[in-house]
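Novice: Model the structure of this input:
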Amino acid sequence: MASTKNIRLGNPHSDGHAFANPSGMSKKTVYIGLFTLLGVLLSTIVHGVLEMWYIQGLIADFPKYSLAYTWAEWFTIHRYFSVVTLMLGLIFGYFQGRMWWRWVYVEKRFDSFFRKLQKVLYG
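Specialist: The predicted model follows:
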């Protein structure tokens, strides 16, 4: 009897999964891309919170919190700070995506946790 252990299904150019992704994008690419998007969203939230906090101080006591900058200079600082937080969010999300991909899918660090969770949820 022939062994069926090494038979590959689906697209012969795929990574061995039974069904190939019709868009041609790998699961890893989508995973890291979504983590990058998450990093951008988190950096936007952090940027907004920091700006609201500091602008409240500027409005309450401009001479004290302005650091000798004018409102026009603060708008310029805002533009640069926006770009910096966006870039940090992109970088953070990308590297977090790579790290979590490695932990979950390569090293399989959470397999025992997911098995226990599946047993609790589905019996």
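Novice: What's the per-residue pLDDT of residue 101 here?
Specialist: With respect to pLDDT, residue 101 has a value of 93.
Novice: Which of the helices or strands spans it?
Specialist: helix 71-101 (DSSP states H and E).
Novice: Please apply the same query to residue 40.
Specialist: Following DSSP H and E, one finds residue 40 within helix 27-60.
Novice: Report the angle between that helix and helix 71-101.
Specialist: Helix 27-60 runs at 150 degrees relative to helix 71-101, counting by axes from the mean of the first three to the mean of the last three Cα atoms, to 10 degrees.
Novice: what's helix 27-60 packed up against?
Specialist: Secondary-structure packing of helix 27-60 (3 or more Cβ pairs under 8 Å, 6 or more residues apart in numbering; DSSP states H and E): helix 62-65, helix 71-101. C-beta coordinates here come from the backbone N, C-alpha and C atoms, glycine included.
Novice: again, 6 Å this time
Specialist: For helix 27-60, the elements it packs on are helix 71-101, judged by 3 or more Cβ pairs under 6 Å, 6 or more residues apart in numbering; DSSP states H and E.
Novice: Return the distance of the helix it packs on from the chain's centre.
Specialist: Put simply, helix 71-101 sits 13 Å off its chain's centre (Cα atoms, centre = their mean, to the nearest Å).
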